[in-house]
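Asks: Need a 3D model of the following:
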Amino acid sequence: MAVPKRKVTPMKRGMRRSGHTKETVTHVENKQTGELHRPHHIDLKTGMYRGRQVLEPKSDF
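Replies: Predicted structure coming up:
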């Protein structure tokens, strides 16, 4: 059975786990309203996507 010769240091352990972090969510600002929304997603406040009205605007924000 394979057994490590030495204890893995916290630095090496952290390097191995460096890819385990979650991605941060990016936001872009809407030019008309100034609201933040995800890129390539519908702006839920105005209902606009790429200059077209896709959904009815929500008024209860």
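
Asks: Need the nearest residue in space to the residue nearest the centre of the chain, chain neighbours excluded.
Replies: With distances taken as Cα atoms, centre = their mean, the chain has Val25 as the residue nearest its mean C-alpha position (1.7 Å). If the residues on either side of it in the chain are set aside, Val25 comes closest to Arg38, at 6.9 Å by Cβ to Cβ, 6 or more residues apart in numbering. For glycine as for every other residue, the C-beta is placed from the backbone atoms N, C-alpha and C.

Asks: With Gln32 instead?
Replies: Thr46 is the one closest to Gln32 (Cβ to Cβ, 6+ apart), at 6.9 Å.

Asks: Can you name the residues that contact that neighbour?
Replies: With contact set as Cβ atoms under 8 Å, 6 or more residues apart in numbering, Thr46 has these partners: Asn30, Gln32, Thr33, Glu35, Pro57.

Asks: Throw those residues into CSV and include pLDDT, thanks.
Replies: Shown next, in CSV, are the contacts of Thr46 (pLDDT from 0 to 100):
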residue, pLDDT
Asn30, 84
Gln32, 80
Thr33, 81
Glu35, 85
Pro57, 82
